[in-house]
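[1] next come a sequence and a model predicted from it.
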Amino acid sequence: MVSRFIELFERWQAGAADPALEQELRAQIDRQPERLRQILGHYRMERLLRELPAAGDGPTATARRRAFVDRVIGELRTGMRRRRKRRRSWAVPVLSAAAACLAIGLAVFAMNRNREASATVWGKQAWTTGAARLQRDGRNSTLAAIADLRPGDRLMVQRALALHDARGATLELAAGSQLTLHAGPVPRCTLHSGRLRATVEPQTTHPAWAIATPHATLSVLGTRFTIVVDAAATRLAVETGAVRVATGDGSSSERVAAGESLRATTTGLAREPQLIARWTFDATDGRTTPDVSGNGHRLQTVSDARWGEGLAGGGARLDGEGVLHVEDHDAFDLNAATLCLWLKPAEPLPAQFARLDQGMPMEFISKMDWQAKAGYELVHPAFAEADTWRVRIGHGDALTAAARPAPDGTGWIHLAASWEPGGAVRLHVDGVAVASTPLAAQPVTANAATLAIANRFAGWVDDVRIYDGVLSDQALAAIVSARAAP
């Protein structure tokens with residue numbers, strides 16, 4: 001009879017009830033109500049055990065465990081009082097007390113298991129390349145290929161290292177980085193110094209990762225991002241998803257979305273310049289490709305320019321005759337900015353420069369009205385030395401330029417230019433500053449010219465970006481590191 005009741009009750013709880021099942025269930029309860037109430041009491045206790053809070057460290061977790069145990073005891077005492085009122089035999093209190101001991105024992109056992117699971121949340125981590133020293137309990141050893149990592153472990157990366165956790169997250173650490181692991185219901189770590197690039201699978205509720213630095217704390221739900229830490233600041237560049245960053249003392253926080261950057265110091269958080277436009281060429285529609293910044297500046301191929309393979313995913317292929325262009329927009333009239341793109345020349349740039357017709361510049365990124373001396377351009381200019389490239393800024397009555405010999409070779413290179421009135425005009429190659437010229441505190445003159453990209457260039461282009469301010473050297477280095485060519 002009891003086994004039949006349990007079968008009916010479980011089917012009813014699972015939602016499989018029909019009128020015949022409900023009628024039989026009521027008949028069972030009417031025949032032996034006291035015995036069946038005890039069975040239902042066991043179900044209630046099981047529900048409480050399922051609600052056992054996740055264990056952790058600190059007073060908050062301790063208080064939650066105590067509250068749970070008190071609740072278990074309270075439920076058992078309530079059951080005992082009810083049974084005494086019904087004048088049950090002496091066996092009922094004894095059995096109830098035994099059940100209480102058993103339930104509390106199960107609770108403590110489960111909490112210990114939870115505590116153990118929390119303490120070893122890192123578990124076995126696989127690293128794919130590189131090497132690191134593992135510091136544990138004051139001892140140093142070499143990190144194994146399959147390492148049983150524990151809270152308190154400190155990794156000192158000797159050669160670029162990749163760590164993977166059970167949730168699908170990957171941490172890529174540059175040589176010289178130092179990372180300490182911590183206990184908790186989710187993976188937590190502190191990046192003391194160096195560069196970390198993380199890819200975290202999206203989570204629906206709780207943060208999948210918590211990463212601290214000397215200047216801030218990052219809560220991650222699911223994203224791809226890069227962190228660079230030095231003595232002065234922590235710099236974050238988010239590629240996909242979003243990361244919430246809080247100051248070390250928790251007094252302020254910022255949500256950093258895809259394409260955004262942030263700089264954290266001991267004095268607070270500061271936004272890096274924002275994306276005005278970005279073209280990755282991963283999706284195309286005929287002769288156009290979308291602006292993945294979300295700002296709607298669609299790019300179009302002209303003449304012989306076509307889509308092809310890029311540095312990562314899609315790219316644009318040009319043969320020296322075509323060009324990529326974007327219709328004019330007020331957002332491109334920038335007083336301060338950073339322009340950057342990846343190039344893979346079909347032949348070395350100096351050789352391409354030498355074959356240009358006189359008076360016909362090669363424009364990597366240009367929005368310049370030459371007659372009005374208005375706008376800006378990252379170019380190999382007409383009538384210039386065959387091996388130089390430069391950025392020029394137009395003020396209406398003058399031009400300011402910074403020049404540098406062009407990089408040689410036919411591999412992928414990252415070119416960037418930035419400027420700010422009252423600051424400097426600068427050139428970067430592969431994330432490293434290579435030229436700088438002071439810029440007067442005079443605004444850049446706006447114009448109505450079309451934005452041209454890769455005009456008269458032969459080769460491949462990928463990941464073109466325009467920001468509305470000057471990116472730091474660290475932010476540019478993070479962009480290059482995140483998308484570095486193999």
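    Sure thing, it's come through. Numbering: from 1, shown residues only.

[2] CA atoms for contacts and neighbours, from now on please.
    Fine.

[3] same question for stretch 467-476, mean pLDDT?
    Mean pLDDT, stretch 467-476: 88.

[4] gap between the two ends of that stretch?
    Distance between the two ends of stretch 467-476: 11 Å, counting by CA to CA, to the nearest Å.

[5] ok, stretch 200-216 next?
    Distance across stretch 200-216, first residue to last, is 19 Å (CA to CA).

[6] so how many other residues sit close to Arg355?
    9 (other CA atoms under 10 Å).

[7] which phi and psi does it have?
    The phi and psi values for Arg355, taken as degrees, to the nearest 10, are phi -90, psi -10.

[8] how much space between it and Thr267?
    Distance, Arg355 to Thr267, using CA to CA: 52 Å.

[9] do Asp408 as well
    Using CA to CA, Asp408 is found at 42 Å from Thr267.

[10] who has more neighbours, the two?
    The neighbour count for Asp408 versus Thr267, taken as other CA under 10 Å, is higher for Asp408 (14 against 10).

[11] not counting its neighbours along the chain, what's nearest that one?
    Pro348 (5.4 Å; CA to CA, 6 or more residues apart in numbering).

[12] wait, what's in contact with the one you found?
    Neighbour list for Pro348: 407-410 [criterion: CA atoms under 8 Å, 6 or more residues apart in numbering].

[13] and it, what pLDDT?
    88.

[14] isn't Thr247 right up against Thr217?
    Yes. Contact status for Thr247 versus Thr217: in contact at 6.4 Å, counting by CA atoms under 8 Å.

[15] for Gln178, see how far away Pro151 is.
    Distance from Pro151 to Gln178, by CA to CA: 15 Å.

[16] what of Ala446?
    Computed as CA to CA, the Ala446 to Gln178 distance reads 46 Å.

[17] what of Val256?
    Distance of Val256 to Gln178, given as CA to CA: 24 Å.

[18] kindly report the same for Ile479.
    21 Å.

[19] Asp357 too?
    The spacing between Asp357 and Gln178, counted by CA to CA, is 52 Å.

[20] same question for Pro350.
    For Pro350, the distance to Gln178 equals 41 Å [CA to CA].

[21] give the contact list for Ser261.
    Here Ser261 is in contact with 235-238, 271-274, 475 (criterion: CA under 8 Å, 6+ apart).

[22] try 10 Å this time
    Contact analysis of Ser261 by CA atoms under 10 Å, 6 or more residues apart in numbering lists 225-227, 235-239, 270-275, 471, 475.

[23] right, and the secondary structure at Gln23 would be what?
    Secondary structure, DSSP: H, G, I helix; E, B strand; the rest coil: Gln23 is helix.

[24] thinking again about what came up before, comparing Pro350 and Gln178, which residue is more hemmed in?
    Higher neighbour count among Pro350 and Gln178: Gln178, with 22 against 19, using other CA under 10 Å.

[25] host element of the residue nearest to that one when sequence neighbours are not counted?
    Excluding the flanking residues, the one nearest Gln178 by CA to CA, 6+ apart is Met156, at 4.7 Å. Using DSSP states H and E, Met156 maps to strand 154-159.

[26] pull the residues that contact that strand.
    By CA under 10 Å, 6+ apart, the residues outside strand 154-159 that reach it are 129-138, 140-143, 149, 161, 173-182, 189-194.

[27] list the strands paired with the helix or strand just after that strand, with their directions.
    Tracing the chain past strand 154-159, the next element assigned as helix or strand by DSSP H and E is strand 161-164. The pairing partners recorded for strand 161-164 under DSSP bridges are strand 124-127 (antiparallel), strand 170-173 (antiparallel).

[28] for Ala233, give me its contacts.
    Going by CA under 10 Å, 6+ apart, Ala233 touches 193, 213-216, 263-269, 474.

[29] same list (the residues you listed) but as a markdown table, adding distance to His297 and secondary structure.
    Output for the contacts of Ala233, formatted as a markdown table (distance: CA to CA, whole Å; DSSP: H, G, I helix; E, B strand; the rest coil):
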| residue | distance to His297 | secondary structure |
| --- | --- | --- |
| Ser193 | 37 | strand |
| Thr213 | 36 | coil |
| Pro214 | 38 | coil |
| His215 | 36 | coil |
| Ala216 | 34 | strand |
| Arg263 | 27 | strand |
| Ala264 | 30 | strand |
| Thr265 | 34 | strand |
| Thr266 | 37 | coil |
| Thr267 | 36 | coil |
| Gly268 | 33 | strand |
| Leu269 | 29 | strand |
| Gln474 | 27 | helix |
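
[30] of these, the lowest pLDDT goes to which?
    Among the contacts of Ala233, Gln474 has the lowest pLDDT, at 80.

[31] might one say that it is in contact with Ala232?
    No. Counting by CA atoms under 10 Å, Gln474 does not reach Ala232; the two are 11.4 Å apart.
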